[in-house]
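Novice: Below is the sequence, then the predicted model.
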Amino acid sequence: MKAFAFVSLLFVRAVLAVPATDLQTALGEFDLSDGVFGGIAKGIEHTAENIFNKGKTRVEKWVEDGKEFVKQNGLVYELVTSPAFVDYQLRVTDPGLCDPSVKQHSGYLDISSSGKHLFFWFFESKKAPESAPLTLWLNGGPGCSSSTGLLFELGPCRIADEGKNTTLNKHSWNLHSNMIFLDQPIGVGYSYSDDGSTVNTSPVAAEDVYAFIQLFFRHYPEYASTAFHVATESYGGTYAPNIASVIHKQNKEVALRPVPDVKHVNLASVIIGNGVTDPYTQMGSVPEYACNGPYPVYDDPEGPQCQALRSKVPTCQRLIKSCYNYNSRWTCVPAQAYCYSQLFGPLQQLGLNLYDVRRKCDRSKDGDLCYKQMDWIETWMNNPKNKRALGANPDLDFQSCNMEVNQAFFGQGDGMHNSAVLLSPLIEDGVRLLVYAGNADMVCNFMGNEAWVEEFGNKFHDEFAKSVEKPWFTLESGRQAGVVRSAGGDGFTAGNVTFVQVHEAGHMVPYDQPEAALDLYMRWITDVPLALNLTELAGSAPFGGW
């Protein structure tokens, strides 16, 4: 199945594929290099430290000009290790694809204890990279590659010509931020494991991401002192709180007990676009959006279809509540199976693109998830020349989405946990939260996203609950792109807890509204109020630098 940065419909397909009689089965359980390299002198500037075979993979490691290198799968990488992370190493190379005008790095985080490898692709900011923030972008799924966000939404280039070429994206988020696109968890995109195994929960995946950040900072310390943002989409609404929570906890540990080679991560904010974060609240909003939203899919909001959808919500929420209370796959998997099949199953039969309900979907032409560009991305990423330039394992068959990863997460009920609770301690300590949602997305609709932001506990709760919508106008065109609610900052900042409804956009806001998405992102990372218009912003210091 060809898919990408989406969550709910992947689960719908997984649920519908399992007969009720087989639910018990659905609830069932679902090395890089070995040892330490020894030193063998082989020249003044070139020291080979071991050559060995692991299966069919030949690996050679050496030191040259004070740097470590490794040759694997016929590709040469610079090697980064840290005594604080003995089970991890980073292999990096410097591609020149997509936008050769900016500095790039790509490669793998290797996890030696499990033989797993996470792929990343970094782009330096076009302006002032030494002071620009660093943003980690993650797509969702679960099981979907962040290369989709890179090549289809907010990266320096966009896929074109049926996957033969790319074109520059003038609304790329690396105009003012250093950007990392990370394929996680294991099995997503170019990421892989030596034995084909996958990670199946967000907390486990988050630990690997933290190790990646630390090794990245060890090798590229110039990016470690600036603000760090975790930005995600779709199932990233579950990933991001887990990753940010690990960073926050580790920062506290490092502050109490400093460890050599472990850096404080300047976690500034969490950004979630059309995400799934609090399923109890968000699932409850599905009938309201489908029947009374800005793009209703049924003619009569009180008709039988809408009544049928509403009748499923109490059972769905009761099951999710059990998941929240017991935090067990035995309660979370049934909740996930029931809610997605009963609430989204009927909607999937409407012939619409549920990621953008303004559009119909012909899957024979548009692909399984209604965007033919997904096939183009796979074509481009599977081009051997592009693989080699990126340092990607040449034996991999790149997929926009890996359904085995998706099913592994489904088998743990991972998507039914309340990830919003992980954000509360972060906000107490000054980490900011931006949640935005396109108002044409059915899958992670804006009503449910706004509701959970209003309901979850944090010190800005009462202020946000009393906040009112204000119009948001983009600076480039001056048009109204949506509405914003915010708490914190007394109107002089972008806020500490902020929700934005983006008009005329579906699940992928940067694809549907690239100008608006960049405007939103830029104002957020520079902490400029979103509710101010062009005239009000004209005299502000940050505006002068844009």
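Specialist: All right, it came through fine.
Novice: Every contact and neighbour count from this point should use C-alpha atoms.
Specialist: Fine.
Novice: and residue 335, what helix or strand is that in?
Specialist: Assessed by DSSP states H and E, residue 335 sits inside helix 329-339.
Novice: list the helices and strands the helix or strand containing residue 106 packs on?
Specialist: Using DSSP H and E, the element containing residue 106 is strand 104-111. Counting contacts by 3 or more C-alpha pairs under 8 Å, 6 or more residues apart in numbering; DSSP states H and E, strand 104-111 packs against strand 88-93, strand 116-123.
Novice: TSV for the ones you listed, including mean neighbour count and distance to residue 501?
Specialist: Putting the helices and strands packed on strand 104-111 into TSV (neighbours: other C-alpha atoms under 10 Å; distance: least, C-alpha to C-alpha, whole Å) gives the following:
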stretch	mean neighbour count	distance to residue 501
strand 88-93	23	38
strand 116-123	26	28
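Novice: residues in contact with the closest residue in space to residue 161 that isn't next to it in sequence?
Specialist: Distances taken as C-alpha to C-alpha, 6 or more residues apart in numbering place residue 376 nearest to residue 161, at 7.9 Å, with adjacent residues excluded. Taking C-alpha atoms under 8 Å, 6 or more residues apart in numbering, we find residue 376 in contact with 159, 160, 161, 162, 163, 164.
Novice: likewise residue 226?
Specialist: Neighbours of residue 226 in contact, by C-alpha under 8 Å, 6+ apart: 131, 132, 133, 134, 266.
Novice: Check pLDDT for those and point me to the minimum.
Specialist: Least confident of those in the model: residue 131, at 95.
Novice: ok, how many other residues are close to residue 303?
Specialist: Residue 303: 11 surrounding residues under other C-alpha atoms under 10 Å.
Novice: Check the one 4 residues further on too.
Specialist: Number of residues near residue 307 (other C-alpha under 10 Å) recorded here: 14.
Novice: Which positions in the helix or strand that contains it come out as buried?
Specialist: Element membership for residue 307 (DSSP H and E) is helix 304-326. Within helix 304-326, the residues that count as buried by 16 or more other C-alpha atoms under 10 Å are 305-306, 309-310, 312-313, 316-317, 319-324.
Novice: Serialize those to CSV and add fields for pLDDT and distance to residue 117.
Specialist: Below are the buried residues of helix 304-326 laid out as CSV (pLDDT from 0 to 100; distance: C-alpha to C-alpha, whole Å):
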residue, pLDDT, distance to residue 117
305, 97, 46
306, 98, 46
309, 98, 42
310, 98, 44
312, 98, 41
313, 98, 40
316, 98, 37
317, 98, 37
319, 98, 35
320, 98, 33
321, 98, 35
322, 98, 35
323, 97, 31
324, 97, 32
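Novice: What I need now is those written out in CSV, including distance to residue 246 for each item.
Specialist: Listed next are these as CSV, based on distance: C-alpha to C-alpha, whole Å:
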residue, distance to residue 246
305, 43
306, 41
309, 37
310, 37
312, 35
313, 32
316, 30
317, 28
319, 27
320, 24
321, 24
322, 25
323, 22
324, 20
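Novice: Skipping adjacent residues, who's closest to the residue nearest the centre of the chain in space?
Specialist: Nearest to the geometric centre of the chain sits residue 138, at 2.1 Å (C-alpha atoms, centre = their mean). Counting by C-alpha to C-alpha, 6+ apart, residue 138 lies nearest to residue 232, which is 4.8 Å off, once chain neighbours are set aside.
Novice: before we move on, what SS does the one you found have?
Specialist: For residue 232, the secondary structure call by DSSP: H, G, I helix; E, B strand; the rest coil comes out as strand.
Novice: I'd assumed residue 142 was in contact with it.
Specialist: No: using C-alpha atoms under 8 Å, residue 232 makes no contact with residue 142, being 11.9 Å away.
Novice: quick one, what contacts residue 171?
Specialist: Residue 171 touches 154, 156, 514, 515, 518, counting by C-alpha under 8 Å, 6+ apart.
Novice: could you dump stretch 422-441 to PDB, C-alpha only?
Specialist: Output of stretch 422-441 as PDB, limited to C-alpha atoms (Å, rounded to 0.1, in the frame of the first residue of the first chain):
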ATOM      1  CA  LEU A 422       3.000  14.600  28.500                       C
ATOM      2  CA  LEU A 423       2.900  18.300  27.400                       C
ATOM      3  CA  SER A 424       1.700  19.700  30.700                       C
ATOM      4  CA  PRO A 425       5.100  19.600  32.500                       C
ATOM      5  CA  LEU A 426       6.900  21.100  29.500                       C
ATOM      6  CA  ILE A 427       4.500  24.100  29.300                       C
ATOM      7  CA  GLU A 428       5.000  24.600  33.100                       C
ATOM      8  CA  ASP A 429       8.700  25.000  32.400                       C
ATOM      9  CA  GLY A 430       8.300  27.500  29.500                       C
ATOM     10  CA  VAL A 431       8.200  25.200  26.500                       C
ATOM     11  CA  ARG A 432       5.600  26.700  24.100                       C
ATOM     12  CA  LEU A 433       2.900  24.800  22.200                       C
ATOM     13  CA  LEU A 434       1.500  25.500  18.700                       C
ATOM     14  CA  VAL A 435      -1.300  23.400  17.300                       C
ATOM     15  CA  TYR A 436      -2.700  24.200  13.900                       C
ATOM     16  CA  ALA A 437      -5.200  22.400  11.700                       C
ATOM     17  CA  GLY A 438      -6.500  22.800   8.200                       C
ATOM     18  CA  ASN A 439     -10.300  23.100   8.300                       C
ATOM     19  CA  ALA A 440     -10.900  20.700   5.300                       C
ATOM     20  CA  ASP A 441      -9.300  17.700   7.000                       C
END
